[in-house]
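K.L.:
3D, please:
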Amino acid sequence: MLLARVIGHVVSTKKDEAMQGRKLLLLRPLLVDEANPTQFRPGANTIVAVDSLGAGQGETVLFCQGSSARQAAGMQTLPVDAVVVGIVDAVDVLNRTIYPEAKPAKK
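P.N.:
Next up is the predicted model:
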């Protein structure tokens with residue numbers, strides 16, 4: 001599984017019949033920045049993934065790729081390479097919460 005941020009969605013009116021009614025999300029994988037492990041840095045790739053949970057723009061999600069993606073519920077017979085399998089509540093690295101990001105104090 002990999003972490004990613006939902007950065008958009010894809011609309012495709014013509015597609016494989018098995019994919020009808022499936023929501024497609026545009027994901028930007030997230031990496032823990034080794035120089036500053038208190039935050040994520042975006043990866044270079046953009047991934048199109050089937051949304052199996054109802055994730056939305058700006059959310060941080062878990063996704064699977066390749067043959068693992070087809071192991072998600074209801075995906076076994078679909079021509080998919082990436083599937084959102086979790087919506088992230090929190091991420092801790094080295095005993096520090098890096099997601100959700102701390103909000104600045106109001107003045």
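
K.L.:
Could you use CA atoms for every contact and neighbour count after this?
P.N.:
Will do.

K.L.:
Does Gly56 lie in a helix or a strand, and which?
P.N.:
For Gly56, there is no host helix or strand (DSSP states H and E).

K.L.:
Find the nearest non-adjacent residue to it, please.
P.N.:
Val6 (6.6 Å; Cα to Cα, 6 or more residues apart in numbering).

K.L.:
right, and that neighbour touches Pro42 too?
P.N.:
No - Val6 is beyond contact range of Pro42, at 11.3 Å (criterion: Cα atoms under 8 Å).

K.L.:
how many other residues sit next to Ser12?
P.N.:
12 (other Cα atoms under 10 Å).

K.L.:
Give me the next element, helix or strand, following the worst-scoring helix or strand of the chain on mean pLDDT.
P.N.:
Taking mean pLDDT, DSSP states H and E as the measure, strand 40-42 is the helix or strand of the chain with the lowest mean score, a mean of 80. Per DSSP H and E, strand 40-42 leads on to strand 47-51 as the next helix or strand towards the C-terminus.

K.L.:
Which strands or helices does that next one pack on?
P.N.:
Packing partners of strand 47-51 (3 or more Cα pairs under 8 Å, 6 or more residues apart in numbering; DSSP states H and E): strand 24-32, strand 82-87.
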